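*Asks:* okay, sequence plus prediction incoming.
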Amino acid sequence: MKILKSIRKVPGGLLIVPMILSAIINTFFPNIFQIGNPTTALFTNKSTMVLVGLMLFASGTQFNIRNIVDVIKRTGLLCIGKLIISYFIGILVIKAFGIEGMFGISAVAIIATITSCNPGLYLALVNDYGDEIDAAAFGFLNLIVVPAVPIMILSSASGQGIDAKTIIANLFPFIFGMILGNLDNDFKKLYAPATVILLPFMGICFGSSINIMVALKSGVSGIVLTAIFYLVCLFPLLILDRKVGKRPGYAAIAMSSVAGLSISVPSLAAEMSKVYAPFMDVAMSQIALASIITSVITPMIIKYVIKK
C-alpha cells in the first residue's frame, strides 16, 4: 500500500492528514487515548510544547548562520506586518462595534483569529515549496502566535505583551540547535530528517484539540470569520511579500492559517475579564471551524499559486 505516497500528494499532507484524522477521533472518541502515558502524551495535545521544542531545535540545526540577515529581513517583514495589521484591525473592531463585534462574531473571536498562525502547517508547506530561509522562520513565528498577543489587544489598558522570558523560551531551542549545526556539520546531517519525522506527530497533537461537532455549531458565522481572516491577513501579507520582499509569496500564504491553539483564547479572555464570558462558547466554536477550514484551504491556495 502506498499510504505515504498518497499523503504526500496533499499540500502539507504530512501535517494535515494526521491532524484531520486526529480531530475525527477526538470528536467521536475523545477518551480513546486517555489510558496513561506514553500513549496519552504521544497522541493528545499534552505533547504540544515538547514537539514544538524539538521542531525548533531540529530546524535550528539545519540553519546556516550566514543566512541570519536574510531570515530576519524576510521573516521580520511578514511578522511585523502581521502584528501591525492584527493590532489595528483588532482595535478598530472594538472601537467601531464594541466587544459584541459584527455579523454575530464577537471581538474576541475576530482578534483571536486574525492574530493566529499555525507554525506547524507553515513549516509543512515551506518544506514542500520554500527554502531553508523560509523554514528557519518557524522559530520566529512561534513568538507572534502565542495567546499573549490577542490577550494584549483585548486588554488594551493593561497592555500585556510578550515578556523577555517568553521570547527566550521560544528562541533557545532554535539557537541551541543552530549553534550545534554550525559548529559540527555532523549534527546537521544527524537531525536533517527530524522535521519531516515530527510533522505527523504535530498534526496528531493539533487535531486532538479540535472537536468537529463543536466547530460545525458555529455554522455560517464560522465561515464568515474565515473569510474575514483571509481578507485582512492573507491579501495584505501576500502584497507585502511580493511587492516589498520581492518574493513569490509562498511564505505569506503559508502563514495564513488559524492554529488550534487559538481556540483557547476566548477562555483566557474570559478569565482576564468577565465581560468576555458570554461570548466564550460561541467564539470557541467559530475559531475551531476557522482552524479546520484554513488548514484545508491554505494548502490549496499555495498549490494554486505555484501552478499559476
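*Replies:* Great, that's in hand.

*Asks:* ok, now which ones touch residue 20?
*Replies:* Residue 20 makes contacts with 207, 295, 296, as judged by C-beta atoms under 8 Å, 6 or more residues apart in numbering. Where C-beta positions appear, they are placed from N, C-alpha and C, glycine not excepted.

*Asks:* might one say that the second one is in contact with residue 116?
*Replies:* In other words, residue 295. No. With contact defined as C-beta atoms under 8 Å, residue 295 does not count as touching residue 116 (11.4 Å).

*Asks:* when the two are compared, which one has more neighbours?
*Replies:* When residue 295 and residue 116 are compared for neighbours, residue 116 comes out ahead with 30 against 26, by other C-beta atoms under 10 Å.

*Asks:* tell me the contacts of the more buried one?
*Replies:* Going by C-beta under 8 Å, 6+ apart, residue 116 touches 145, 150, 229, 257, 258, 259, 261, 262, 287, 291.

*Asks:* likewise residue 179?
*Replies:* Contacts here follow C-beta under 8 Å, 6+ apart; on that basis residue 179 touches residue 60.

*Asks:* give me that answer again for 10 Å
*Replies:* Shown here is residue 179, whose contacts under the criterion C-beta atoms under 10 Å, 6 or more residues apart in numbering are 60, 61, 65, 187.

*Asks:* for the helix ranked longest in the chain, packing partners?
*Replies:* Longest helix in the chain by number of residues (criterion: DSSP state H): helix 68-97. With contacts defined as 3 or more C-beta pairs under 10 Å, 6 or more residues apart in numbering; DSSP states H and E, the packing partners of helix 68-97 are helix 107-114, helix 132-136, helix 138-144, helix 148-155, helix 235-239, helix 250-254.

*Asks:* for residue 38, which of those is the nearest?
*Replies:* Taking C-beta to C-beta as the measure, the helices and strands packed on helix 68-97 were each checked against residue 38, and helix 138-144 came out nearest at 24.4 Å.

*Asks:* quick check: closest non-adjacent residue to residue 18.
*Replies:* If the residues on either side of it in the chain are set aside, residue 18 comes closest to residue 203, at 3.4 Å by C-beta to C-beta, 6 or more residues apart in numbering.

*Asks:* and for residue 230?
*Replies:* The shortest distance from residue 230 to any non-neighbouring residue, by C-beta to C-beta, 6+ apart, is to residue 256 (6.7 Å).

*Asks:* C-terminal to the host helix or strand of residue 168, what's the next element?
*Replies:* Following DSSP states H and E, the helix or strand that holds residue 168 is helix 164-183. Read in the C-terminal direction, the helix or strand following helix 164-183 is helix 185-191, with elements assigned using DSSP H and E.

*Asks:* residues contacting residue 4?
*Replies:* With contacts defined as C-beta under 10 Å, 6+ apart, residue 4 is in contact with 13, 14, 200.

*Asks:* nearest to residue 69 among those residues?
*Replies:* Checking the contacts of residue 4 one by one against residue 69 (C-beta to C-beta), the nearest turns out to be residue 14, at 29.8 Å.

*Asks:* that closest one reaches residue 5, doesn't it?
*Replies:* No. With contact defined as C-beta atoms under 10 Å, residue 14 and residue 5 do not form a contacting pair (11.8 Å).

*Asks:* residue 7: what's its closest spatial neighbour, skipping adjacent residues?
*Replies:* The shortest distance from residue 7 to any residue that is not its chain neighbour, by C-beta to C-beta, 6+ apart, is 4.4 Å, and that residue is residue 13.

*Asks:* what's around that neighbour, how many residues?
*Replies:* Other residues within reach of residue 13, judged by other C-beta under 10 Å, total 21.

*Asks:* that one: what's it in contact with?
*Replies:* Taking C-beta under 10 Å, 6+ apart as the criterion, residue 13 is in contact with 4, 6, 7, 19, 20, 124, 128, 199, 200, 203, 299.
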